[in-house]
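3D model of this:
(chains A and B)
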There are 2 protein chains.
Amino acid sequence: MRDVFHEQLDAIFSDLASICRNVEAAVGLATRALTEGDAEIAQRVISGDREIDLARERVEDAAFNLLSLQQPVAGDLRMVVAGLRMVSELERMGDLSVHVAKIARLRVPEVAVPREVQPTINKMAMTAEDMVSRVAKIIVDRDVEAAIELGRDDEVMDQLRRQSFTELLSEDWSHGVEAAVDLALLGRYYERIADHAVSVAHRVVFVVTGEYPRATA
Amino acid sequence: MRDVFHEQLDAIFSDLASICRNVEAAVGLATRALTEGDAEIAQRVISGDREIDLARERVEDAAFNLLSLQQPVAGDLRMVVAGLRMVSELERMGDLSVHVAKIARLRVPEVAVPREVQPTINKMAMTAEDMVSRVAKIIVDRDVEAAIELGRDDEVMDQLRRQSFTELLSEDWSHGVEAAVDLALLGRYYERIADHAVSVAHRVVFVVTGEYPRATA
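Down below sits the predicted model:
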């Protein structure tokens, strides 16, 4: 049997996983809005962010209650604070999905990303969504191995971002300034989602092992 | 006489103010590197970020010690957690200065920002630097009025960002895709520095009054 403290901590982590799945859905929908030029889907992401914000508040309240009532020290204390940080990062990932959705909405009825460069941005979007999906599972399973592996895969995103810059700064670029600026910002948003995913995964490692992976900056 | 808890909390806030002044210097130098196309200054910002990271670790350790040894509850607990969040945001502002410096360095011996659009980006840079400078003072003085005012001034940054987009997406833009992308990303970095400055200021309001200003999302 787990004690009250650890039961409540488990409840917080289960809420974190559920927020993470909401973020995963937001990233997926924002990408659909982007590639399909669909304002209605974009709007769903933008309005839906409120739910992520409210869930964040609930987790924060639960964490503060846990700190106040149980007064954990040492490792237990650090776990609760890690939970507080994870929920901030998940909320931020939701905000970044909203930024993607807003670029999509701004260009409707056009599509923000020119067809020729869609492969790179699609790979970035899929990489980000996949990373968020894996983080949700990592939180549920407290899977240290998977969390460390996620950190290594972040390099894929960095490569895609470089590739995207090469494309939009090439002499052959024929899609004008607006599409280039959209792409650069979209790349930035997906990259930040991936960064946060890695950071959340590394906090899971910390919660389980008491130490952050060495790779974390 | 203040008790041990509040003395140690004061020490943490004094460290936060000192980190904030380092961030202010980083923002100022990054902007100089950008407008002068000076690789050596850019490099100083990039290398100097390590110091901000280390200072962050020291504040985090102090905050955890305070939580573990003093076991504060209710308002006192929330103040320490606010301090932990402030130091994360200040570190992030340092990272964003590094991003500005890296764009500057990438374009040396050229200057990333075309002369004609320097006024807007200069205003953004000055606004960001000014906001960071005011936050340092707000932390020292626990100045609630000044903190709330800072939140209102964030609108200036939003207007500058819109203006910058208008410039780089106008039909008259003659500086090519690379300069437009640089400008869009620089605008994003300065805007994020300003966002974090407002957030840190609002946390000061919380520490003093026990409540966040209403304007905070």
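
what does chain A have sitting close to chain B?
A:53, A:64, A:67-68, A:71, A:73-74, A:77-78, A:81, A:84-85, A:88, A:165, A:168-169, A:173, A:176-178, A:180-181, A:184-185, A:188, A:217 (Cβ under 8 Å from any Cβ of the partner chain). C-beta: built from backbone N, CA, C; applies to glycine.

now list the buried members of the residues you listed.
A:64, A:67, A:71, A:77-78, A:81, A:84-85, A:88, A:165, A:168, A:173, A:177-178, A:180-181, A:184-185, A:188 (16 or more other Cβ atoms under 10 Å in any protein chain shown).

so which of those belong to helices?
The helices, defined by DSSP state H, take in A:64, A:67, A:77-78, A:81, A:84-85, A:88, A:165, A:168, A:177-178, A:180-181, A:184-185, A:188 from those.

quick one: secondary structure of residue A:17?
Following DSSP: H, G, I helix; E, B strand; the rest coil, we place residue A:17 in the helix state.

that one and residue A:142 touch, don't they?
No: with contact defined as Cβ atoms under 8 Å, residue A:17 does not reach residue A:142; the gap is 10.3 Å.

now the common contact residues for the two.
By Cβ atoms under 8 Å, 6 or more residues apart in numbering or on different chains, residue A:17 and residue A:142 have no common neighbours.

what's the average pLDDT for the helix or strand containing residue A:202?
Residue A:202 is part of helix A:176-209 when elements are defined by DSSP states H and E. Looking at helix A:176-209 alone, the average pLDDT works out to 95.

could you check the angle that helix makes with helix B:176-209?
With axes from the mean of the first three to the mean of the last three Cα atoms, to 10 degrees defining the directions, helix A:176-209 sits at 40 degrees from helix B:176-209.

and helix A:176-209, what's buried?
A:177-207.

how many other residues sit next to residue A:7?
10 (other Cβ atoms under 10 Å in any protein chain shown).

report pLDDT for it.
94.

distance check, it against residue A:71.
Using Cβ to Cβ, to the nearest Å, residue A:7 is found at 16 Å from residue A:71.

swap in residue A:91?
26 Å.

do the same with residue A:170
Applying Cβ to Cβ to residue A:170 and residue A:71 gives a distance of 59 Å.

and if you look at residue A:176?
59 Å.

packing partners of the host helix or strand of residue A:98?
Taking DSSP H and E as the criterion, residue A:98 maps to helix A:74-107. For helix A:74-107, the elements it packs on are helix A:4-36, helix A:39-70, helix A:176-209, helix B:39-70, helix B:74-107, judged by 3 or more Cβ pairs under 8 Å, 6 or more residues apart in numbering or on different chains; DSSP states H and E.

JSON lines for the ones you listed, including distance to residue B:134?
Conversion of the helices and strands packed on helix A:74-107 to JSON lines gives the following (distance: least, Cβ to Cβ, whole Å):
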{"stretch": "helix A:4-36", "distance to residue B:134": "33"}
{"stretch": "helix A:39-70", "distance to residue B:134": "27"}
{"stretch": "helix A:176-209", "distance to residue B:134": "26"}
{"stretch": "helix B:39-70", "distance to residue B:134": "19"}
{"stretch": "helix B:74-107", "distance to residue B:134": "13"}
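
looking at those, which is nearest to residue A:153?
Closest of the helices and strands packed on helix A:74-107 to residue A:153 is helix A:176-209, at 8.4 Å (criterion: Cβ to Cβ).
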